[in-house]
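[1] What follows is a predicted protein model with its sequence.
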Amino acid sequence: MGKNEKACAFKTSVGGQALLEGIMMKGPDKYALAVRRPDGGIEVEEHPLKSHKWQKAPLVRGVLIFIDSLLTGYKCLMRSAEISMPEEMEAEKPSKFDAFLEKHFGDKAMKAMMGLSAVLGVFLALALFMVLPTFLVGLLGGVVELGFWKNVLEGLVKMAIFLAYMGLVSCIKDIYRVFCYHGAEHKTIACYEAGEELTVENVKKYTRFHPRCGTSFLLLVLIISIVVGGFLPWTSTWLRALLKVLLLPVVMSLAYEVIRFAGRHDNWLTRIISAPGLWLQRLTTHEPDDGMIEVAIAAVKPVLPENKEDGAW
């Protein structure tokens, strides 16, 4: 962790997501987003969180928490765009599709848009990272006898597509800044876990890599799906692709429990589990500037529980 490599004894469930010129932080009872306005100020908004019984149900909570985080994250992302780029948002003319949603859904048009965007995002992710590798290897297998190597090659293709996508996305200027805010989020959480006062100077000392990260979760989903894929038949490429999609909720649930276990313990096994995700964060996090750290601190302070143990992981 920079000057503080030693792991912290306290591990918190408080975490968040990088936004456009801002950060969303989620605590035990509420979430808050802090966004840098064009005038240089920081706008902070707080929202209550609903508690659900399934949040404590192993092998069920993983996929449901992912869906809930996806919807909340998209809502906060859109709100951060409104705060950080108000003139651009106002100048943008509504599309025919926006007019259609407004006409048929009225006040619920935004929720309909968020739901549709989330569904399309999941569909594209499934097509790109789950289905495409299977079909590419299936086509090659029709020309060259691959045997056992089909599974290995499929896993390599899947991982190559994922890493190439992350690498290309990180080169986009606006996304690069989002990844800087991602780094600010991690450094702030690390500082809080270490028990230090949340100041810019204190936060700067800590690492931008954190084992309990959405990026690590996604990579773990891919790794587990590769292992599970080794037991699926290649008799039909379509059937194999379908089975992989149908098994994805199970894979995601397993990945969540594994990353939860790794986040709560510090030993040789959990360090091995966390290593690939921490390596990937070299692409998805960058060192933030002081202003970004200020935003991260503003986002996390409202969601911290009065009793620190109430927010333990």
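    Everything's here; your move.
[2] what does stretch 232-249 contact?
    Contacting residues not belonging to stretch 232-249 are listed as 63, 126, 130-131, 134-135, 138, 141, 150, 221, 225, 228-229 [C-beta atoms under 8 Å, 6 or more residues apart in numbering]. Using the backbone N, CA and C atoms, a C-beta is placed for each residue, glycine as well.
[3] Emit the ChimeraX select command for whichever of those residues are buried.
    For the buried members of these, the matching ChimeraX selection, counting by 16 or more other C-beta atoms under 10 Å, is:
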select :63,130,131,134,135,138,141,150,221,225,228,229
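[4] Show me which pair in the contacts of stretch 232-249 is furthest apart.
    Val63 and Gly141 (30.5 Å; C-beta to C-beta).
[5] ok, back up a step: show me which of the contacts of stretch 232-249 is closest to Ile293.
    Proximity to Ile293 was ranked across those by C-beta to C-beta; first place goes to Val221, at 29.6 Å.
[6] Just say helix, strand or coil for the closest one.
    For Val221, the secondary structure call by DSSP: H, G, I helix; E, B strand; the rest coil comes out as helix.
[7] pretty sure it contacts Glu257?
    No. Under the criterion of C-beta atoms under 8 Å, Val221 makes no contact with Glu257, lying 11.9 Å away.
[8] Now the helix or strand containing Val122: average pLDDT?
    For Val122, the element it lies in under DSSP states H and E is helix 109-125. Computed over helix 109-125, the mean pLDDT rounds to 70.
[9] All further residue positions should be reported with the first residue as 30.
    Fine by me, first position is 30 from now on; the one you just mentioned is helix 138-154.
[10] now the following helix or strand past that helix: mean pLDDT?
    Of the helices and strands lying after helix 138-154 in sequence (DSSP H and E), the nearest is helix 161-170. For helix 161-170, the mean per-residue pLDDT is 91.
[11] Show me what helix 161-170 is packed against.
    Helix 161-170 is packed against helix 178-198, helix 266-275, with contacts defined by 3 or more C-beta pairs under 8 Å, 6 or more residues apart in numbering; DSSP states H and E.
[12] who touches the first one?
    Same thing as helix 178-198. Outside of helix 178-198, the residues that reach it under the criterion C-beta under 8 Å, 6+ apart are 157-159, 161-163, 165-166, 169-170, 175, 204, 247-248, 251, 254-255, 258-259, 263, 309, 312-313.
[13] any idea of the angle that helix forms with helix 266-275?
    Using axes from the mean of the first three to the mean of the last three C-alpha atoms, to 10 degrees, the inter-axis angle of helix 178-198 relative to helix 266-275 is 60 degrees.
[14] Now helix 178-198: buried residues?
    Taking 16+ other C-beta under 10 Å as the criterion, helix 178-198 shows 179-180, 182-184, 186-188, 190-191, 195 as buried.
[15] With the last one instead?
    Along helix 266-275, these residues count as buried under the neighbour rule (16+ other C-beta under 10 Å): 266, 269-270, 272-273.
[16] how far is it from where the chain is centred?
    Distance of helix 266-275 from its chain centroid, counting by C-alpha atoms, centre = their mean, to the nearest Å, is 25 Å.
[17] could you give the mean pLDDT of it?
    Taken as a whole, helix 266-275 has an average pLDDT of 91.
[18] ok, then the element right after it?
    Using DSSP H and E, the helix or strand that follows helix 266-275 towards the C-terminus is helix 277-293.
[19] Show me which parts of that next one are buried, residue by residue.
    Counting neighbours by 16+ other C-beta under 10 Å, the buried set in helix 277-293 is 277-278, 280-285, 287-289, 291-292.
[20] Span of stretch 81-94 from start to end?
    Distance between the boundary residues of stretch 81-94 (C-alpha to C-alpha, to the nearest Å) amounts to 10 Å.
[21] Show residues contacting that stretch.
    Contacts to stretch 81-94, defined as C-beta under 8 Å, 6+ apart, come from residues 278, 281-286.
[22] If you count neighbours, what's buried in the strand or helix carrying Thr101?
    Secondary structure assigned from DSSP H and E places Thr101 in helix 90-113. The neighbour-count criterion (16+ other C-beta under 10 Å) identifies 90-95, 97-99, 101-110, 112-113 as the buried residues of helix 90-113.
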